[in-house]
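Colleague: Here you go, sequence then predicted model.
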Amino acid sequence: MNVNALIPTVDWRALAPFTIVVCTGIVALIIEMLRPRRNNNLVVGVSLFGLLVAGWSLFGMLGGPSDESFAGMILNDRFGQILQLVMVGSCAVCFLFSEPYLREKRIPFAEFYPLALWSTAGGMLMVSSKHLLMVFLGLELLSISLYCLAGMSRYESKSEESALKYFLLGSFASAFLLMGIAFIYGETASLHLGRISEVLGAASASPLSTIGAAMVLVGLGFKLALVPFHQWTPDVYQGAPTNVTAFMAAVSKVAALGALVRFLWAIGTLDTVWFPLMWWVAVATMTVGNLAALVQNDVKRTLGYSSIAHAGYLLVGVLAAFSAPGRVSLDATAFYLISYAAMTIGAFAVISLTASGQHEGTRFYDVRGLWKRAPWAAGCLVVFLCSLIGIPITSGFFGKLLIFQAAFDAGLPALAVLLAVNSAISTYYYLGIIQAAFVTEEGAVAPRFGKPSASLNLACAVCLAGVLGAGLFAGPLIRGMGTAEVGPPVGVPVQDPLTIHTKNTSD
Amino acid sequence: MGLVNDVPLQWFLALSLYMFVLGAIGVMVRRNPVVMFMCIELMLNAVNLTFLAFARYQPSGALASGDVPTAMAGQMMVIFVMAVAAAEVAVGLGIITAIFRLKNRADADDLGSLRG
Amino acid sequence: MLGRGIFQAVFGEFLPILLLMLVAAVVAGAMVTLSWVLGPKKDTPYKSSTYECGVTPVGNAIERFPIKFYLVAILFVLFDIEVVFLWSWITVFKGATIQYQVFSGVAVGIYLVLWIIGDAYVIKVGALEWDEEPQVAPEKLLPTPVEAPTIAAGSHS
């Protein structure tokens, strides 16, 4: 019996950010429990403080050596740390503009904050583990909290519908993910990605592992909204409360991408099977996302389709890194994730202004005259959308440029060209949003806007700083992202995405 | 015990795959969210059966990292899948009841207000 | 036979499973489709009555029962699952070394504390109250900037 009873190495430092975020959620819930008939300011304050501490502890860990602890369940490496930082930051910015929005919509459930924190924690778990059990748990923690959050606006049927859709399709996808994990376990007798990679590398591809890998990719592709599995995205993005949409767009995408990278790394030896498939998925994701966005008349829905297209761009970066290990790194993808998070959350934050006294219209004509009512927010919106298009000096431009270059360097010119063409197409609908916000004449029904609060303006400012700052300091940021100068050669694989941490896998 | 030992792995896998496919078809064909959800639960149970079958048929004494028998991983996964399924039940039923409260009925075909 | 040979080579001993999966898909699909296509659709009031012979049913079979039952059922399911972890833990606990017993005991202790917090929350929000409808307290809409300088400017007055 004692053979089971081994105490794993416990490395609290590696787990600190995750623990802090979870505990902050618990504290926030207790505060809400103790004083249910008060406003949420204290809950928000505590949550932001907790995120700040978590971010600080993550920052302190950057550049440290990468290691695994908790019996190989927690992986602490640079790639994971950067993605976790992005998620913590995204969550904090969402909190900044959430409270005024929730009050305006008359749904100020304080439970939003703990749920969002736990969701973030789930995402953090997903990217900081190479154990499929942890990846699965993280994914479910992220998703289940998001199902609740999407249905938070209980008097709005569109919110409830989006929650139900998200929930049914999401659990359907996780059933596939689990079946895939089960097959892989059957083939390799392990749930640890390092071990799986070893076993798969030693033998030729068997149908069991191939089907298993395909099923896991379906599950992750759903979370990332890759094209055959993207149908839920526009509906859920449109139906969910805007602050939840912003959160979802940033955090769940970052988390799913992190998990996807780790999983692709583990099944690297099956790449003759998955690489062509993912290549076509990337093509379809970029194209379908952009083309469908052209015909939308709802801002949130348009941004939903645009997020699908961006998932396609990110996938191009990932594929480039995998097809030319050693020459092309994941730095471009990580940089693009940072800028994507900042510009998406910023855009949604501005759109959240259309909520006014329990009503919220997010159609194009509902944002008419935004620049008059909220000039600062409207100005910021222009920058965010320019960044989403990829206009120079914004971070979106450099992100796309880097991924474009990476795709070219990796010998995937077709993907690079498609990326450029798609960016050009996307200009149309982003300009449409900008135009709507700046239309002067107001129609028969004047649009309604909430008063822009100071915290919303702050959130815009933070995102603006992120978009412009990452654009202006793209060079240093990219260099800092990789491991050329900072720390030992671990983490974001500058050398070879297929061999990160192989030395750590066997302990 | 002897009886269980005689059953080949393929039979377990066949049963679980059958359940999984049945559940998947159910989700796609049925329109009532509660029934769809039951089908998803069926799929998750199929996953559990698969894990347990694979764990049962690990070569005895096979050890993974840290001297843990490889069978443990599958068994552990099952417990967590059950827990997560319960959490999904809680949230899913919560969402469905919220829709009931709002509309007095629940049907996947009613979910048409979000179209683009 | 050549075709089967190729399949055998690719799928090995899993070929029967693949076949069974296909059969399951075909059978399940066929059952649903065929009964829909072939089934006679003579719908007379007599035919659609609950029992073609026997007692005429009284009232509506689809009786609504309070939605609260769902809530209690949900909570029950969660308690059910709590035990799964404790049970598997105690199985290992029995024969383990003292160090492991202490270590895992602390871990399970943390787990139980989280449970208790969750249960306290359930009671506090009135999820078990039969007659009360949980809703947002109106006070939540009032800004009181003194309490949290972080977002000093509340949304609206």
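Modeller: Happy to help now that I have it. Numbers count the residues shown, from 1 in each chain, chains lettered A, B, ... in the order given.

Colleague: What is the burial count for C:L19?
Modeller: 13 (other C-beta atoms under 10 Å in any protein chain shown). Placement of C-beta: from N, CA and C, glycine included.

Colleague: Within the helices and strands, which one has it?
Modeller: C:L19 is part of helix C:15-38 when elements are defined by DSSP states H and E.

Colleague: so what's the residue of chain C found nearest chain B up against?
Modeller: Distances between chain C and chain B by C-beta to the nearest C-beta are smallest at C:I81, namely 4.1 Å. Neighbouring residues of C:I81 by C-beta atoms under 8 Å, 6 or more residues apart in numbering or on different chains: B:M82, B:A83, B:A86, B:A87.

Colleague: Pipe those into JSON lines and attach secondary structure, pLDDT and neighbour count per row.
Modeller: Converted to JSON lines, the contacts of C:I81 look like this (DSSP: H, G, I helix; E, B strand; the rest coil; pLDDT from 0 to 100; neighbours: other C-beta atoms under 10 Å in any protein chain shown):
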{"residue": "B:M82", "secondary structure": "helix", "pLDDT": "92", "neighbour count": "17"}
{"residue": "B:A83", "secondary structure": "helix", "pLDDT": "92", "neighbour count": "18"}
{"residue": "B:A86", "secondary structure": "helix", "pLDDT": "91", "neighbour count": "20"}
{"residue": "B:A87", "secondary structure": "helix", "pLDDT": "91", "neighbour count": "20"}
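
Colleague: Show me the subset of the residues you listed that also lies near chain C.
Modeller: Among these, the residues within reach of chain C (C-beta under 8 Å from any C-beta of the partner chain) are B:M82, B:A83, B:A86, B:A87.

Colleague: What separation do you get for the closest residue to the second one other than its chain neighbours and chain A?
Modeller: The reference is to B:A83. Nearest non-adjacent residue to B:A83, counting by C-beta to C-beta, 6 or more residues apart in numbering or on different chains: C:I81, 4.9 Å away. Distance, C:I81 to chain A, using C-beta to the nearest C-beta, to the nearest Å: 13 Å.

Colleague: I'd like to know the average pLDDT value across whichever strand or helix holds the residue of chain C closest to chain B.
Modeller: Using DSSP H and E, the element containing C:I81 is helix C:68-94. Averaged across helix C:68-94, the pLDDT comes to 85.

Colleague: Might you report the residue contacts of A:V350?
Modeller: Applying C-beta under 8 Å, 6+ apart to A:V350 gives the contacts A:L370, A:A374, A:A377, A:A378, A:C380, A:L381, A:F384, A:C460.

Colleague: and the two most separated of these?
Modeller: Checked with C-beta to C-beta, the contacts of A:V350 reach their widest spread between A:A374 and A:F384, with 13.8 Å between them.

Colleague: More neighbours: the two, which one.
Modeller: Taking other C-beta under 10 Å, A:A374 and A:F384 do not tie; A:F384 has more neighbours (30 against 22).

Colleague: average pLDDT for the helix or strand harbouring the more buried one?
Modeller: For A:F384, the host element (DSSP H and E) is helix A:375-389. The pLDDT scores in helix A:375-389 average 92.

Colleague: what does stretch B:7-15 give?
Modeller: Here the average pLDDT along stretch B:7-15 is 87.

Colleague: With just CA atoms, put that stretch into CSV.
Modeller: Extracted as CSV, the C-alpha positions of stretch B:7-15 are listed here (Å, rounded to 0.1, in the frame of the first residue of the first chain):
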residue,chain,number,x,y,z
VAL,B,7,-13.5,-10.1,-20.3
PRO,B,8,-11.2,-8.8,-23.0
LEU,B,9,-10.3,-5.1,-23.1
GLN,B,10,-12.0,-4.7,-26.4
TRP,B,11,-15.4,-5.4,-24.9
PHE,B,12,-15.1,-2.6,-22.4
LEU,B,13,-13.9,-0.3,-25.1
ALA,B,14,-16.7,-1.3,-27.4
LEU,B,15,-19.4,-0.7,-24.7
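
Colleague: Outside of it itself, list whatever touches it.
Modeller: For stretch B:7-15, contacts defined as C-beta under 8 Å, 6+ apart pick out B:L49, B:T50, B:L52, B:A53, B:F54, B:R56, B:Y57, C:E13, C:F14, C:P16, C:I17, C:L20.

Colleague: Quick check: the third one touching B:G74?
Modeller: Yes: judged on C-beta atoms under 8 Å, B:L52 makes contact with B:G74 at a distance of 6.5 Å.

Colleague: higher neighbour count, the two?
Modeller: B:G74 (26 against 18).

Colleague: Check the secondary structure at the more buried one for me.
Modeller: Classification of B:G74 by DSSP: H, G, I helix; E, B strand; the rest coil places it in helix.

Colleague: quick one: it and B:V47 touch, right?
Modeller: No: at 10.7 Å, B:G74 does not count as touching B:V47 under the criterion of C-beta under 8 Å.

Colleague: anything in contact with each of these two?
Modeller: A:A182.

Colleague: What residues does chain B have near chain C?
Modeller: B:10, B:13-14, B:17-18, B:21-22, B:25, B:29, B:79, B:82-83, B:86-87, B:89-90, B:93-94, B:97, B:100-101.

Colleague: Among those, which ones are in helices?
Modeller: B:10, B:13-14, B:17-18, B:21-22, B:25, B:29, B:79, B:82-83, B:86-87, B:89-90, B:93-94, B:97, B:100-101 (DSSP state H).

Colleague: Let me know the pLDDT of residue 103.
Modeller: Looking at chain A here, since you left the chain open. A:R103 carries a pLDDT score of 87 in this model.

Colleague: I was thinking of chain C, sorry if that wasn't clear
Modeller: Looking at C:F103, its pLDDT is 89.

Colleague: Run through the residues that contact it.
Modeller: A:I7.

Colleague: Where does it fall, secondary structure wise?
Modeller: C:F103 is located in helix C:98-124, with elements delineated by DSSP H and E.

Colleague: in that helix, what's buried?
Modeller: Within helix C:98-124, the residues scored as buried using 16 or more other C-beta atoms under 10 Å in any protein chain shown are C:Y100, C:F103, C:S104, C:Y121.

Colleague: In TSV: the residues you listed, plus distance to A:F59.
Modeller: Formatted as TSV, the buried residues of helix C:98-124 follow (distance: C-beta to C-beta, whole Å):
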residue	distance to A:F59
C:Y100	35
C:F103	30
C:S104	33
C:Y121	32
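
Colleague: And for the residue nearest in space to the middle of chain B, nearest residue in space, chain neighbours not counted?
Modeller: Nearest residue to the geometric centre of chain B (C-alpha atoms, centre = their mean): B:L44, 0.3 Å. Spatial nearest neighbour of B:L44, chain neighbours left out: B:A85 (4.8 Å); criterion: C-beta to C-beta, 6+ apart.

Colleague: Distance check, that neighbour against B:A98.
Modeller: 20 Å (C-beta to C-beta, to the nearest Å).

Colleague: Specify which residue of the two has the higher count of neighbours.
Modeller: B:A85 (25 against 21).

Colleague: Verify the stated contact: the more buried one with B:M43.
Modeller: No: using C-beta under 8 Å, B:A85 makes no contact with B:M43, being 9.9 Å away.

Colleague: relative to helix C:98-124, how tilted is the helix holding C:I81?
Modeller: Helix C:68-94 and helix C:98-124 are oriented at 170 degrees to each other (axes from the mean of the first three to the mean of the last three C-alpha atoms, to 10 degrees).

Colleague: Can you name the residue of chain B nearest to chain C?
Modeller: With C-beta to the nearest C-beta as the measure, B:A86 is the residue of chain B nearest to chain C, at 4.1 Å.
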